[in-house]
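K.L.:
Return atomic coordinates for the entry below.
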Amino acid sequence: MTQKLIDSNLIPKQMLSQDPFSQWLGIEIIEVEKGRCKVGMTVRKEMLNSMGKAHGGISYSLADTAFGFSANTHGKYAVSIETSINHIEALEEGDYLTAEATVDITKTKVGFNIVEVKRGNDIVALFKGVVYRTSKNWEI
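P.N.:
This next block holds a predicted model:
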């Protein structure tokens with residue numbers, strides 16, 4: 001049986017179409033290529049914490065989405081097994097954020113990714129993710 005090749009650009013679009021949380025966040029896909037994905041969103045009032053700043057989970061969720069989309073562009077279902085984030089700057093309502101998976105190391109079934117979260121050109125958070133690539137292929 002021959003294996004059908006999947007365009008890596010289609011996988012994040014398929015994932016977003018099935019992801020109500022990322023849709024609620026207002027995440028849009030900006031750029032995709034195999035092993036890399038850039039997404040963006042605007043911080044809304046309902047995303048603020050008790051101090052009037054964006055809840056840490058907002059930048060985390062944006063970065064996690066870029067991470068997941070990027071990791072799956074290799075054509076295999078990939079699942080997160082460990083993540084962490086460093087928050088560098090506080091975020092405000094109206095800030096437009098981007099998250100780009102900039103490092104993708106895939107030497108084994110375990111992959112490593114670094115995601116930069118930016119407001120304009122300034123890095124506001126750094127996210128690290130470890131992913132396990134299953135043997136299940138994406139079918140679009």
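K.L.:
For this structure, name the helix or strand with the lowest mean pLDDT.
P.N.:
Least confident helix or strand, the chain: strand 96-105 with a mean of 90, by mean pLDDT, DSSP states H and E.
K.L.:
so residue 137 touches residue 74, yeah?
P.N.:
No. Contact criterion C-beta atoms under 8 Å: residue 137 and residue 74 do not qualify, at 10.1 Å. Every C-beta, even on glycine, is put in place using the N, C-alpha and C of the backbone.
K.L.:
Between those two, tell me which one has more neighbours.
P.N.:
More neighbours surround residue 74 than the other of residue 137 and residue 74, with 19 against 12 (other C-beta atoms under 10 Å).
K.L.:
Does the more buried one fall in a helix, a strand, or a coil region?
P.N.:
Put simply, residue 74 is coil when judged by DSSP: H, G, I helix; E, B strand; the rest coil.
K.L.:
Could I get the contacting residues of residue 43?
P.N.:
Shown in contact with residue 43 (C-beta atoms under 8 Å, 6 or more residues apart in numbering): 54, 58, 91, 92, 93, 94, 95, 96, 97.
K.L.:
I'd like to know which of these are buried.
P.N.:
54, 58, 91, 95, 97 (16 or more other C-beta atoms under 10 Å).
K.L.:
can you list those in JSON lines and add distance to residue 123?
P.N.:
Listed next are the buried ones among the contacts of residue 43 as JSON lines, based on distance: C-beta to C-beta, whole Å:
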{"residue": "54", "distance to residue 123": "15"}
{"residue": "58", "distance to residue 123": "16"}
{"residue": "91", "distance to residue 123": "12"}
{"residue": "95", "distance to residue 123": "13"}
{"residue": "97", "distance to residue 123": "11"}
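K.L.:
can you tell me which two in the residues you listed are farthest apart?
P.N.:
58 and 95 (9.6 Å; C-beta to C-beta).
K.L.:
tell me the average confidence for the longest strand anywhere in the chain?
P.N.:
Ranked by number of residues, the top strand in the chain under DSSP state E is strand 122-137. The average pLDDT within strand 122-137 is 95.
K.L.:
Done for today, thanks.
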